[in-house]
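Asker: No sequence on hand, only this structure:
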Ligand SMILES: C[S@@+](CC[C@H](N)C(=O)[O-])C[C@H]1O[C@@H](n2cnc3c(N)ncnc32)[C@H](O)[C@@H]1O
């Protein structure tokens, strides 16, 4: 049985190391765009080692060491994966564009699309979701990789929507571009799975006279009882503050968009790959439609959110060992130390996120505030009874420390924050064993959760080895970190597609 796989890491490494040639039926990707939009200024100061990871957060690219290496790889055709056309294209574009942000983005995409081409089956399709600022360049890259090896450009799909801000001096930009390519002409396309109603009185058109045809063409325009194949422009509501499926992830795509792509270009049991999977829309839809899937994301918050989404939508069994593997996370102490020591100048290190989210069973909210937070890296909420036996949510705080030595004052500091925040319990999560802190922590006694009758230490010190051994916290909660994903079944399908 094929296991579903979620990888935490840079998709270029993961594709190269873990995804076999011709093993994927359909690949959809929605990479960060090159729109010079910056999600968050705090991610601007990119360090060397984690440039790919930091890049994941910003929509703007810089020509740096990673870009230079990528460029050299393409020009020297490392591992023989690049076509002559893609090498000439990147060399030519460097003349035209210069070595700047746009070329850095195109180099990164060329490296990854070459791998995606390699892993696609001959019947496979590739959908690249982008925006009009880079779609024309990406089309050149795709042509150079696909068309030069027997593949083909099949569609430019326009996903049109409305809502959000509007400029005064331009037409409002309200569409994304999805480029669809096939690896060969044997590409899967399940027309009958995605038909939509004609907006016409079908009875009137039953007479062949009314069908119409182009001069010189013998194509049939007879209406199909099941409806028409949709046009290449799709009107689908985007995720907004009112959307039922909204998880609070900034670039979340609607399930109905992915549903159409997956139904059209794959069959039950096929393998779907999303190498930039974000909050896991492709994966959730693939699971619902009984496909196998491979997801890759470079940030632990995404990985954690995907696991939570899957569990809430399909139940715990979807993450059981015989059907699912999670790769790329620390498995032993040395790799936990390596993650903790990674140079990473964002506010919260990936190590801290991994630690807090894993220990809280993906229920905590990562604290993205810099300073003034008393060293708190994450917060969760647990359900309890108040004095009047009414249900209320109590705060649980997490503080991660990766130093080799810690003095008992860190416990006192944490106790001070618990007090100030009126929090029920606090966890000090340490990389190294800290037996000297247990005595200090014990001074703060216990906390009794009346709702579930569970006694917690008011402050508990948990070391990373315990998490590696499978320890997670018991957190009674109904309100989740992000809005609970709707429980998904085949019959509970969202349908926000508005055809004209
Ligand atoms: C636009 S979002 C995808 C949103 C997704 N389609 C959804 O509906 O949730 C892009 C994602 O790509 C991830 N990412 C960026 N660079 C990456 C890389 N080199 N390898 C793997 N993931 C990457 C980011 O962390 C982010 O989660």
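Answerer: Perfect, I can see it now. In this text, all values refer to a predicted model and were calculated from it rather than measured experimentally. Numbering: from 1, shown residues only.
Asker: May I ask which helix or strand encompasses the residue in the stretch 151-300 of the chain positioned nearest to the ligand?
Answerer: Ranked by C-beta to the nearest ligand atom, the top residue of the stretch 151-300 of the chain for proximity to the ligand is residue 278, at 2.5 Å. To be clear about C-beta, it is placed using only N, CA and C from the backbone, and glycine gets the same treatment. Using DSSP states H and E, residue 278 falls within no helix or strand.
Asker: Thought residue 251 was touching it, still the case?
Answerer: Yes: in this structure, residue 278 is within contact of residue 251 by C-beta atoms under 8 Å, at 5.8 Å.
Asker: where does the stretch 401-500 of the chain dip in pLDDT?
Answerer: Along the stretch 401-500 of the chain, the model assigns pLDDT under 70 to residues 478-500.
Asker: and the residue in the stretch 301-450 of the chain that the ligand sits nearest to, what helix or strand is that in?
Answerer: The ligand sits closest to residue 302 of the stretch 301-450 of the chain, with a gap of 4.4 Å, by C-beta to the nearest ligand atom. When secondary structure is defined by DSSP H and E, residue 302 falls within helix 300-314.
Asker: What is the subsequent helix or strand relative to that helix?
Answerer: Past helix 300-314, the next helix or strand by DSSP H and E is strand 324-327.
Asker: average pLDDT across that following strand?
Answerer: Strand 324-327 shows a mean pLDDT of 94.
Asker: For that strand, name the packing helices and strands.
Answerer: strand 4-8 (3 or more C-beta pairs under 8 Å, 6 or more residues apart in numbering; DSSP states H and E).
Asker: Skip ahead from the strand it packs on and say which helix or strand is next.
Answerer: helix 11-18.
Asker: Could you list the buried residues of that following helix?
Answerer: Neighbour-count burial for helix 11-18, counted by 16 or more other C-beta atoms under 10 Å, picks out 11, 12, 14, 15, 16.
Asker: Out of these, which are close to the ligand?
Answerer: Restricting these to those near the ligand by C-beta under 6 Å from any ligand atom leaves residue 11.
Asker: Between which two of the buried residues of helix 11-18 is the distance greatest?
Answerer: Longest distance between any two of the buried residues of helix 11-18 is 9.3 Å, between 11 and 16; criterion C-beta to C-beta.
Asker: Common neighbours of the two, please.
Answerer: residue 115 (C-beta atoms under 8 Å, 6 or more residues apart in numbering).
Asker: pretty sure residue 472 belongs to a strand, no?
Answerer: No: counting by DSSP: H, G, I helix; E, B strand; the rest coil, residue 472 is not found in a strand; it is coil.
Asker: Surely it touches residue 360?
Answerer: Yes: in this structure, residue 472 is within contact of residue 360 by C-beta under 8 Å, at 7.4 Å.
Asker: The two - which one has more neighbours?
Answerer: For residue 472 versus residue 360, neighbours defined as other C-beta atoms under 10 Å are more numerous around residue 360 (24 against 14).
Asker: hang on, the more buried one packs against residue 378?
Answerer: Yes: contact status for residue 360 versus residue 378: in contact at 6.9 Å, counting by C-beta under 8 Å.
Asker: Give the other helices and strands that the lengthiest helix in the chain contacts.
Answerer: With DSSP state H setting the assignment, residue counts place helix 101-119 as the longest helix in the chain. If you count contacts as 3+ C-beta pairs under 8 Å, 6+ apart, helix 101-119 packs onto helix 11-18, strand 24-29, helix 65-75, helix 84-97, strand 120-130, helix 135-146.
Asker: And the longest one, what's buried?
Answerer: Looking back up the chat, that one is helix 84-97. 85, 86, 87, 89, 90, 93, 94.
Asker: wouldn't the first one be in contact with residue 144 here?
Answerer: What it means is residue 85. Yes: shown here, residue 85 and residue 144 form a contact pair, counting by C-beta under 8 Å, at 3.9 Å.
Asker: Noted, bye for now.
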